[in-house]
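Just to be clear, the model below is a prediction. Sequence and coordinates:
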Amino acid sequence: MDGTLVDTEPYWIDTEYAMADKYGGTWSQEHAMNLVGNALLESGDYIRVHMGIDRTPQQIVDELLDGVVARVQDDVPWRPGARELLTDLHAHGIPCALVTMSWQRFVEPILAQLPVGTFATVVTGDRVEFGKPHPEPYLTAAAELGLAAEECVAIEDSNTGAKSAAAAGCTVLCVPHHVPILQGEGRVFAETLSGLDAVKLAEITSTGRAEGAPNT
C-alpha cells in the first residue's frame, strides 16, 4: 500500500522526526529510508535503537500510527494510476488482495475511500506472525483468494516487499518510488502505474512468468 497505492512515506517520516524532537533523539533521511517496507514492530525497534529514545517498540508504533492516521484522515495522497488500475481489475473480475505491513487502523481510512469490494481480502502487518521480507504475507493473501501464489502478480515499491512476494512464488511487478529495487528472478519493472490496466498488466508480467528472469 505505502508507496504503491498511496505515497504516505512523507507522513511516516514527518512523524518520525517529530518523535525525535519530542524525546530528544536523533534521526536522518537514511534511517527513514531503511524502514520502507518493513514490519512495524521491527521498525519500532529500529527507531528505538537508532533514534536513541526511551520508548518500547510498541509505544513507538502506537505513536507513529496516531500521527499518520491523523494525516491520512485529512488527505490520502494516491499514487498516479493506482485507483484507475484497481477499478479496471475489479471491472474485469480479477480478485485483488491488499498486502501491507501497515496495521489495520491505518489501512481503514484509505480503504474507506475505495469502492466496496475493491479488495477481496486484506492482509495487514498485525495479522501475520512474520512480516515482509518473509513470504507469509503473500502466501496468506493468495490462500485467501483461493489461489496458489504462483498464479498471482504482486505489485511492489520496495526491495523488502519484492523479496516477500518473490519468496512466496508470485511474479513481481516492481514500481520503485522512494527506494531502489534490485533485479531478480521473476521481477519485472515499470516506472509508473499510470496508463496500466488489466490487459497491459498481463502483458508486462507474462514475460516474467515465462522466462523467470528480470525484465524492463
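Nice, thanks for sending it over.

Secondary structure element for the closest residue to Leu196 other than its chain neighbours, which one?
Among residues not flanking Leu196 along the chain, Leu85 sits closest, at 5.3 Å (C-beta to C-beta, 6 or more residues apart in numbering). (C-beta placed from N, C-alpha, C; glycine too.) Of the helices and strands defined by DSSP states H and E, Leu85 is found in helix 82-91.

next helix or strand past that helix?
Scanning the chain past helix 82-91 towards its C-terminal end, the next helix or strand to appear is strand 97-99 (assignment: DSSP H and E).

so what are the domain limits for the protein?
With automatic domain parsing as the criterion, the domains of the chain are listed as 9-74, 82-211.

Any idea which of these gets closest to Met1?
The closest of the domains of the chain to Met1 is domain 82-211. By C-beta to C-beta, the value is 3.9 Å.

how far is that closest one from where the chain is centred?
Remark: domain 82-211 is offset 8 Å from the chain centroid, using C-alpha atoms, centre = their mean, to the nearest Å.

pLDDT on it, on average?
Confidence for domain 82-211, expressed as mean pLDDT, is 92.

what's the neighbour count on the closest residue to Gly117 other than its chain neighbours?
Counting by C-beta to C-beta, 6+ apart, His90 is the residue found nearest to Gly117 once chain neighbours are left out, at 6.8 Å. A count of neighbours around His90, defined by other C-beta atoms under 10 Å, yields 18.

One more: Glu185?
Residues near Glu185, counting by other C-beta under 10 Å: 12.

What segments of the protein are strands?
Counting by DSSP state E, the chain forms strands over residues 97-99, 121-123, 153-156, 171-174, 187-189, given from the N-terminal end onward.

what's the helix holding Leu85 packed up against?
Packing contacts for helix 82-91, counted by 3 or more C-beta pairs under 8 Å, 6 or more residues apart in numbering; DSSP states H and E, involve helix 198-211.
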